[in-house]
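Chemist: Sharing a sequence plus its predicted fold:
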Amino acid sequence: MSADEATAPKQRLGERLIAQGYITQSDLDRALELQARTKERLGSILMSLNLIKRYQLYQVLAELWGYPFINLLEAKADPELVRRFHAEILVRERFLPVRLDATSVEIASAEQPSDDLTALIRATLGAELDVRYFVTTEWDIDRTLSEVFREELVSRATFGLYYRNPRESAFTVMTRWQFFALIGALALLLFGLFFATVPTLVTLNLLINVGFSISILFKFVTAMAGAYSENVEAVTAAEVAALKDDELPLYTILVPVYREANIVSLLMQNMRDIDYPAGRLEILLLMEEDDHETLDAARASHPPETVTFVIIPDGLPRTKPRACNVGLFFAKGEYLVIFDAEDRPEPDQLKKAVVAFNKGGEKMICVQAALNYFNVYENWLTRMFTLEYSYWFDYILTGLQRLNLPIPLGGTSNHFRTDALRRLGGWDPFNVTEDADLGIRASAEGYTVGVINSTTYEEANNHRGNWVRQRSRWIKGYMQTVLVHLRNPIGMVRSIGIKNTLGFIMLIAGTPITFLCTLPLWGLYLVWLITRTHLFDPLFPPAILYLGLFNLLIGNSVMIYLNMLAVFKRRYYGLIGYAVLNPVYWLLHSVASYKALWQLFTKPFFWEKTLHGISNQLAHPPGSTAPPA
Amino acid sequence: MASATNWRTRPEAPPRPREDVSISPSAQLLALLALSLPYLLLGWLTQTSLFLGDSYAHLLARTLVALGDGRLENVVLGYPLIPSLLAALRPAPSTLMIGAALTAGATLWLLWRTLAAAPMNVIARLVLLFAFAVVPTTTFLATQSFGEMLALFLFVIAWNNYVAFARTNTTWKGFVAGLLIGLAFFVNLYALVYGLILILFAPFYLYDRRAGSFRQQRARILTGTVVIAFPALASFLAWTYLSWLFTGDPFSYVRDVISPLSAFADSASAPLLGWSAVLNASLSDVLRLPLYLAVGIVTIVCAPHRFLTLLMPLLVIVVTRALGWAYTEPFALATLTVVALVGLPLHKRLAWLLIPAALLQIAFAYGLADRSTEQTDWRNVLFTDAPTLQAQTEAQIAARLAVAPPHSVLIDSSANDRLIARMGTALPLMDADNAAYELATSAPAQYVDFIVIIDGDQLAQRFDLAPPQGFILDTSWSGGRLYRRADLS
């Protein structure tokens, strides 16, 4: 903010807006009152209060600054000229070269021009040039940049991480050695089955049961660590209250939406509920180019001026991380968070994240809020999903943090330091659980990920087919993440240490493996239980039998119990009985895991779209999760 | 009992370990060892006096036979699991004795920490602790009953966490309380009784007056109860399933001779006690516990809403006894004393009543005769410091048989716990699990060097009247005989 804008021009801006009939005196008083508290720009406040349109504001600012206004929709910028600047600089400095002739250059700026800006332009285009300024809106600048840098943007959003380091990208599904290792393992298995059937099956059975036992113990210990620290508030209410509005940084909210026209208006409402100075919020609604329906719905919902539509250029893979990478390019906030369209974050979540970042130090790249559901009691599936998420976010993630293990991020409500995220290469658009991958990548590069005591309420999947689609994507993503990060196992151990590597393997690799094994193991057990056949006896020598019984009896009981505790903590008392149905729910996971495995080889980058907005409880207010009386 | 309430009143803060006083783990360990030391010495004295309790004898014999047969699964599947595993580490009475003494020390430490919240001076607190620590019932458990002592210890921790869970709704506390009661099932079948006590307390403890009517809190209370009860229930069902899987009888483990339910399970030979006998026994137990009675009086006067929770363990003991559970006198007295100490009202008023009661309890403990014959024997051995003749004979025979060649002692291992436990090995034994057992019983001279006969066991039916051909009577003692092959010196 320039000095003159900070003092006298503020009054002049307000007076000018009143004089032109855009606002009333009471509007101005209200805005000035807010400004006194937040020290935001008056224009931003007026826009966030929906008292003035962006075009109106910038036209008045143009008059005040003494430059003409330019509408970039009509006066198109010269693409070749624009490309002479780095896109990042144009986004950061909020200007755009429009036309260049032999002696002068026309510059459209969304900030009051300064000598520094002039020097920057001359350094690039020529020291002798006469720089003629025009005023335009940031939207126009961003839109022009999207058009001019379209190819670069698509390329960067899609292959940015791959170019940075191909080993970090899931674009290559398997490296050569991984492929040959897999083929070798399969060949060994077939060879063993052919020449030594029983010993091979016994060995396989042993490996599976040992794996299950380790996975159970790991989750038990992690959950215990999480439960132990349940009273440790990552961020206290007092810390949030101590934040001063005028010291809060600009925060970018990325909301990727696709074919979700039905919930755009709900999204707008949810964004309005966030307790953060509106002028310090930048909401980027990321919409695919071909999704006219959602774009129309977004326009029709009359979003506040703090909401910017970012159109994601067509391209493959059409995935959420690719859209987020485009959003990351335009993000101006110091911090950035992703929310899904139907998300209802607790109002103070952004402030809690700011506190957590302040406390966490420079190495803390991300904080994850808990996810839970607002349509808990809709049907059996939503109940089970809620049980699972309560356990996962309240115990496992908290436990991982307490044990200093890598944290796989959840799908939304992960808050980032924007610059660190850029340094990390953003999201991998080829990984269908880009969030989990990012959490591990951050850990591998020495960053830390924290957990905050705030919840975002989402829509639990209430339809079996939709659930399997979503879950198969998640499990496939875990498989991709394992393949990516274990391309160089020794390197991984060197970078994050043996403890973190083991934690990663047990959690990220263990999850798909255990789900893949669930169906056959339960199948074997049920066949035995019904027929009491002795056919399987050779496969279960005493040691394996005891291990299997431990997994069956203690393992299942422990996992059920942890779910029970989690719902008690969340006060979802009506779900306690459903915890015992978890084995049935895990069978559903198992089905999804086979679909995931199939797709890993047939359609590795295919994004199984989860339908949102199909709950009949969308209209309920956030937190209204109590069971019906 | 601590911090209980009824439907109308909110409990006051229950006695609990002082959380503000932080004591380093090493200091705690040191305190635990110091408190265990007297029990360790007592246990050592018991060992030198050759005393061996029935439950240790059975546990060790079962473990030794399983190890001797190379059937580790019989150790793992032996109930109670944790004492069995401990016995398998080093199958000797001293192992279990050391385990029991350390557990007793830990229990005392916990009780001391709990008493720290009581509004009284150190001397008064010490007297109260002594009412539990130095009485013969506790010293008996602390040396002769590892399973019961460990169950009591787990119950005290679970209890403290349960109260904290009820007070704060912290799931971690419920987690610990529930898991420990679940774990206690693998230590002692009484865990189910403890679980039942905590479940019955749930409406009193989990109800929060400020959170609306009981009806409104029903779901929370029920869920909290499930959180506490589930691990014990899961442990019970899991073990019952295993029992069914491996023996065909889901409740075979409760029929074991050391199971407190063995009489109930075999009611034809040992009919259930009548109500009057049970009430008599329980009343007699309570009269030996002036401290429990005094705490009851103080509770009635100062916190009447808590009285029911003090009474409930006694009621549970009475009912379970009536159902046939062998809730032994030492264990009942120890349980009720612990319940009185952890549930001490925090009021200063009438606190003076507790000290004479505690002293009286100590006096009663030494002045009144024990009803348990095993405890009486143990006390006699300790005071006379002389082994009984039977113990000496058993030890001598065991020492001889322990060095016999493998599978050279024909024996019914299910009826010779004491001898096998004293041997310290089962390798010389030829018992029913051995493939050659039937042949050996048909022609013992061809297979074994010794035959051990105990009145009423399987071999007694065959060789009761006289030694088999080729054998002579080597030694006899009350209820048993040892035959030796005639050609052995």
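Modeler: Everything's here; your move.

Chemist: hey, where'd the helices end up in the stretch 501-629 of chain A?
Modeler: A:510-531, A:542-549, A:556-569, A:582-602 (DSSP state H, counting those that start in this stretch).

Chemist: which helix is the longest one in chain A?
Modeler: Using DSSP state H, we find that the single longest helix of chain A is helix A:197-228.

Chemist: and the next helix or strand after that helix, what other elements does it pack with?
Modeler: Note on helix A:197-228: by DSSP states H and E, the next helix or strand toward the C-terminus is helix A:237-241. Judged by 3 or more Cβ pairs under 8 Å, 6 or more residues apart in numbering or on different chains; DSSP states H and E, the packing partners of helix A:237-241 are helix A:349-360. For the C-beta atoms, the positions are set from N, CA and C on the backbone; glycine is no exception.

Chemist: Just the C-alpha atoms of the helix it packs on, please, in PDB.
Modeler: Written as PDB, here are the backbone C-alpha positions of helix A:349-360 (Å, rounded to 0.1, in the frame of the first residue of the first chain):
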ATOM      1  CA  GLN A 349     -10.000 -22.700  11.300                       C
ATOM      2  CA  LEU A 350      -7.900 -20.200   9.300                       C
ATOM      3  CA  LYS A 351      -6.900 -18.300  12.400                       C
ATOM      4  CA  LYS A 352      -5.900 -21.600  14.200                       C
ATOM      5  CA  ALA A 353      -3.800 -22.400  11.200                       C
ATOM      6  CA  VAL A 354      -2.100 -19.100  11.400                       C
ATOM      7  CA  VAL A 355      -1.300 -19.600  15.100                       C
ATOM      8  CA  ALA A 356      -0.100 -23.100  14.300                       C
ATOM      9  CA  PHE A 357       2.300 -21.800  11.600                       C
ATOM     10  CA  ASN A 358       3.600 -19.100  13.900                       C
ATOM     11  CA  LYS A 359       4.300 -21.700  16.600                       C
ATOM     12  CA  GLY A 360       5.600 -24.400  14.200                       C
END
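
Chemist: and it, which residues are buried?
Modeler: Neighbour counts over helix A:349-360 (16 or more other Cβ atoms under 10 Å in any protein chain shown) mark A:349, A:350, A:351, A:352, A:353, A:354, A:355, A:356, A:357, A:360 as buried.

Chemist: ok, now stretch A:404-423?
Modeler: A:405-418, A:420-422.

Chemist: which of these are close to chain B?
Modeler: Taking Cβ under 8 Å from any Cβ of the partner chain as the test, chain B is in contact with none of those.

Chemist: Up against chain B, what does the stretch 501-629 of chain A have?
Modeler: So the stretch 501-629 of chain A meets chain B at A:542, A:546, A:549, A:553-554, A:557, A:560-561, A:564-569, A:571, A:573-574, A:576, A:627 (Cβ under 8 Å from any Cβ).

Chemist: What about residue B:469, how many residues nearby?
Modeler: Residues within reach of residue B:469, counting by other Cβ atoms under 10 Å in any protein chain shown, total 9.

Chemist: Quick check: it vs residue B:434, distance?
Modeler: Separation of residue B:469 from residue B:434 (Cβ to Cβ, to the nearest Å): 21 Å.

Chemist: Pretty sure residue B:419 sits against residue B:397.
Modeler: Yes: with contact defined as Cβ atoms under 8 Å, residue B:419 reaches residue B:397; the gap is 6.5 Å.
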